[in-house]
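Undergrad: Requesting a structural model of the entry that follows:
(one chain, ligands or ions: 1)
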Amino acid sequence: KDLYAVIGSPIKHSKSPWIHGQFAEITGEPVEYRAVLGNEQDFAGSVEAFRSEGGQGLNVTVPFKQDAFDYASEFSERAKRAGAVNTLVFREDGSVFAENTDGVGIVRDITVNYEVAISGKRVLVLGAGGAVRGILEPLLAEKPQEVVIANRTVSKAVQLADDFSDLGCLVGVGFADVEGSFDLIINGTSASLAGELPPIPSSVITPSSVCYDMMYGAEMTVFNQWAQQLGAAEVIDGLGMLVEQAAESFFIWRGVRPDTQPVLQALRASLA
Ligand code: ATR
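TA: Okay, the predicted model is just below:
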């Protein structure tokens, strides 16, 4: 079997080994997929050890997405922009190709799984950290009318908008400066982890707004509860993004796209 893994620290609770195990079963691809606890002082050393065992590719999670970018030798345009990667391919010639599949993951979940078009829409993105940087290029590729990035630290939102300004119409603001309503609102802050809500005006939500929290859990996130109470058309959590980014990585490695629906359904059932 061909060997792959997810590397992170901690790594015990990662769902990636299970997800990729399901993909291997569904597609019949001879894939073995492990979880690797990376050394936070020596990411390269951990990767070299995995490669010496025959590892052909890695998924990369917290806190190594930036280290993985530094380790790689070749990049997709998207990965270059993101400055952080979640997928590495160890090629036979020794080169290391890097890609970021998070953005494709969320866009596929929204447009394919939920059949919500992004093209021509007004989009509000909350947060300006690594998670948001990783999704902006695929999001802008869908040609939204406008993307407003709102963040607690305003300067980071402005900088991010500036970094991607050639790819579409986008602007960076503070939470209090968000004006008008939006068709799609994506929460990419880590506020949900602390059970907190980014302080944006409730007027952003209308009965046709779709809200997406990149976090997920057994309970609905506070952001999605808030959006639902305000009458949003749909509230979506990040579980589909997790499965879709994994499917995109699997596709990059194997050239085969697994059916994500049964995996997503089983994962959803296991959360409850
Ligand atoms: P990640 O990889 O999850 O993006 P990050 O790069 O540390 O992690 O970014 C975290 C994001 O969540 C940032 O936009 C952060 O806002 P700041 O840039 O002002 O720090 C945002 N964030 C974290 N906790 C938050 C909270 N309680 N309320 C609002 N925003 C929060």
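Undergrad: Excluding chain neighbours, give the residue nearest to residue 196 in space.
TA: Ranked by C-beta to C-beta, 6 or more residues apart in numbering and with sequence neighbours excluded, the top spatial neighbour of residue 196 is residue 222, at 6.9 Å. (Glycine included, C-beta is placed from N, CA and C.)
Undergrad: tell me how far stretch 162-176 is from the chain's mean position?
TA: 19 Å (C-alpha atoms, centre = their mean, to the nearest Å).
Undergrad: OK, contacts around the residue of the stretch 101-250 of the chain found nearest the ligand?
TA: At 1.9 Å from the ligand, residue 129 is the closest residue in the stretch 101-250 of the chain, using C-beta to the nearest ligand atom. The contact partners of residue 129, taken as C-beta atoms under 8 Å, 6 or more residues apart in numbering, are 156, 188-190.
Undergrad: among the residues you listed, which are in reach of the ligand?
TA: When contact is defined as C-beta under 6 Å from any ligand atom, those meet the ligand at 156, 189-190.
Undergrad: Can you tell me the element the residue nearest to residue 254 when sequence neighbours are not counted falls in?
TA: Spatially, and ignoring its direct neighbours in sequence, residue 254 is nearest to residue 29 (5.1 Å; C-beta to C-beta, 6+ apart). Residue 29 belongs to no helix or strand when assigned by DSSP states H and E.
Undergrad: Kindly report the residues of the stretch 101-250 of the chain close to the ligand.
TA: So far as C-beta under 6 Å from any ligand atom goes, the stretch 101-250 of the chain lies against the ligand at 127-131, 151-153, 156, 189-191, 194, 196, 198.
Undergrad: so what's the residue nearest the centre of the chain up against?
TA: For the chain, residue 102 is the residue whose C-alpha lies nearest the centre (C-alpha atoms, centre = their mean; 3.1 Å). Shown in contact with residue 102 (C-beta under 8 Å, 6+ apart): 82, 86, 131, 134-135, 241, 245.
Undergrad: now with 6 Å?
TA: By C-beta atoms under 6 Å, 6 or more residues apart in numbering, the contact set of residue 102 is 86, 134-135, 245.
Undergrad: Which member of those is positioned nearest residue 40?
TA: Within those, proximity to residue 40 (C-beta to C-beta) peaks at residue 86, which comes in at 17.2 Å.
Undergrad: Verify the stated contact: that closest one with residue 62.
TA: No. The pair residue 86 / residue 62 is not scored as a contact, 10.0 Å apart, by C-beta atoms under 6 Å.
Undergrad: For those two, work out which one has more neighbours and name it.
TA: residue 86 (27 against 13; other C-beta atoms under 10 Å).
Undergrad: got a pLDDT number for that one?
TA: The confidence metric pLDDT takes the value 97 at residue 86.
Undergrad: Find the nearest non-adjacent residue to it, please.
TA: For residue 86, the spatially nearest residue (C-beta to C-beta, 6+ apart) is residue 60, at 5.1 Å.
Undergrad: What's the separation between that neighbour and the ligand?
TA: 12 Å (C-beta to the nearest ligand atom, to the nearest Å).
Undergrad: same check, this time on residue 12
TA: The value you get for residue 12 to the ligand, if C-beta to the nearest ligand atom is used, is 19 Å.
Undergrad: ok so that residue is a strand residue?
TA: No. Applying DSSP: H, G, I helix; E, B strand; the rest coil, one finds residue 12 to be coil, outside a strand.
Undergrad: Now for it: which residues touch it?
TA: Residue 12 neighbours (C-beta under 6 Å, 6+ apart): none.
Undergrad: swap the cut-off to 10 Å and go again
TA: 35, 37 (C-beta atoms under 10 Å, 6 or more residues apart in numbering).
Undergrad: So the protein: which segments form each domain?
TA: 2-100, 103-239 (automatic domain parsing).
Undergrad: ChimeraX command to pick out the buried ones of the residues of the stretch 101-250 of the chain next to the ligand?
TA: Buried residues among those (16 or more other C-beta atoms under 10 Å), as a ChimeraX selection:
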select :127,128,130,131,151,156,189,191,198
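Undergrad: From the residues of the stretch 101-250 of the chain next to the ligand, which land in strands?
TA: residue 151 (DSSP state E).
Undergrad: max-length helix in this protein?
TA: helix 239-254 (DSSP state H).
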